[in-house]
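**Student:** predicted coordinates and the sequence they were generated for:
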Amino acid sequence: MNLVDLLDHQDGVLTRKQALARGLTAPELRGKLRRREWVPIWPGVYVTHNGPPTWSQHSWAAVLSTTGAALAHQSALRAAGLAMPRSKSVHIVVGRFRTVTPRAGIVVHHCEQIDDRVLWNARPPRLRVEHAVLDVAESAATEMQAIASIADAVQARVTTAARLSDALAGRSRVRRRKLLQAVLADTADGACSVLEHEYLRNVERAHRLPRGRRQARTTVGRPGFRDVDYDEHHLIVELDGRFPHDSAKARDRDMERDLDAAVGADRRTLRLGWGQVYERPCGTALKVATMLRKLGWAGTFQRCPKCGSATD
């Protein structure tokens, strides 16, 4: 591949070694750098203009800065077309035993099975979507963020629950394996019995709410919901475990607003999602209890050991 074709292939980014191998002399290279026709992004890696590099060029530069590297984690997902939060850092992956010189703006991950997990012919090379999603889910700070990483990838159709499940099964050590297995098993058909179970354990039982009657999946209006029916008080809690058109985080914010509005307006249907059940079970239980009291429940909300400022 000649120099012109290489620059086209690599989005205007190349290494010193690549330039010299294609006939550019060291004095010519120094001249381009002196005239700022080419600008270093990292030592020995250049972009062939003097304007701000694009994200694609930064990602190419990060991969080219280390032999045998590929995009990883959220950087791999962004390269695959998934909308990701803006970050000043580019994540790359190298072999398990590789020693890499630290560079500002590059986060290095190590992988024992790198050749099996990387698409080396991608531009730039990157982890397969399934492995990037699982890596992000494993390293997420909270369970909700881990679930959101799966939800967003499946919703964006860059992968499927089946492919993610296969990739998960091929890993020997996985943080949150049981949670991820359960979520993926239920994602395949849009329902989420995991969510129903967690509501029962962390919201209802933990705070001594009345026992709701579990119903079969509803087929009215919006399929995919599972209901908890507090018959005596004419209150239905809809547990929405689907991954719809909105992003998981935006959907979570919408559900929180729905819950607050329902409590304030004495409505008789509450809709809850992953955030309310997993991240804020105590605050959610207090709001459900408030609604139940408005509808005639004579019981008392009980704080659980995890209750804090959310229920004050």
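**Tutor:** Nice, thanks for sending it over.
**Student:** every contact and neighbour count from this point should use C-alpha atoms.
**Tutor:** Will do.
**Student:** give me the helix or strand of the chain that scores worst on average pLDDT.
**Tutor:** Ranked by mean pLDDT, DSSP states H and E, the weakest helix or strand in the chain is helix 248-265, scoring a mean of 69.
**Student:** what's the following helix or strand after that helix?
**Tutor:** For helix 248-265, the succeeding helix or strand toward the C-terminus, using DSSP states H and E, is strand 269-272.
**Student:** elements contacting that following strand?
**Tutor:** Contacts defined by 3 or more CA pairs under 8 Å, 6 or more residues apart in numbering; DSSP states H and E place strand 269-272 against strand 235-240, helix 248-265.
**Student:** now do that strand: distance to the chain's middle.
**Tutor:** Averaging C-alpha positions (CA atoms, centre = their mean, to the nearest Å) puts strand 269-272 25 Å from its chain's average.
**Student:** contact partners of whichever helix or strand comes after that strand?
**Tutor:** Using DSSP H and E, the helix or strand that follows strand 269-272 in sequence is helix 274. Contact with helix 274 is made by 144, 195, 240-241, 252, as judged by CA atoms under 8 Å, 6 or more residues apart in numbering.
**Student:** mind putting those into TSV with neighbour count and distance to residue 8?
**Tutor:** Shown next, in TSV, are the contacts of helix 274 (neighbours: other CA atoms under 10 Å; distance: CA to CA, whole Å):
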residue	neighbour count	distance to residue 8
144	20	40
195	22	48
240	24	46
241	23	44
252	19	41
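**Student:** tell me which of those residues is nearest to residue 301?
**Tutor:** Of all these, residue 195 has the smallest distance to residue 301: 21.4 Å, by CA to CA.
**Student:** pretty sure that closest one sits against residue 277.
**Tutor:** Yes: here residue 195 reaches residue 277: they are 7.2 Å apart, a contact under CA atoms under 8 Å.
**Student:** what is in contact with those two at once?
**Tutor:** Here residue 195 and residue 277 share no contacting residue, scored by CA under 8 Å, 6+ apart.
**Student:** no more questions from me, cheers.
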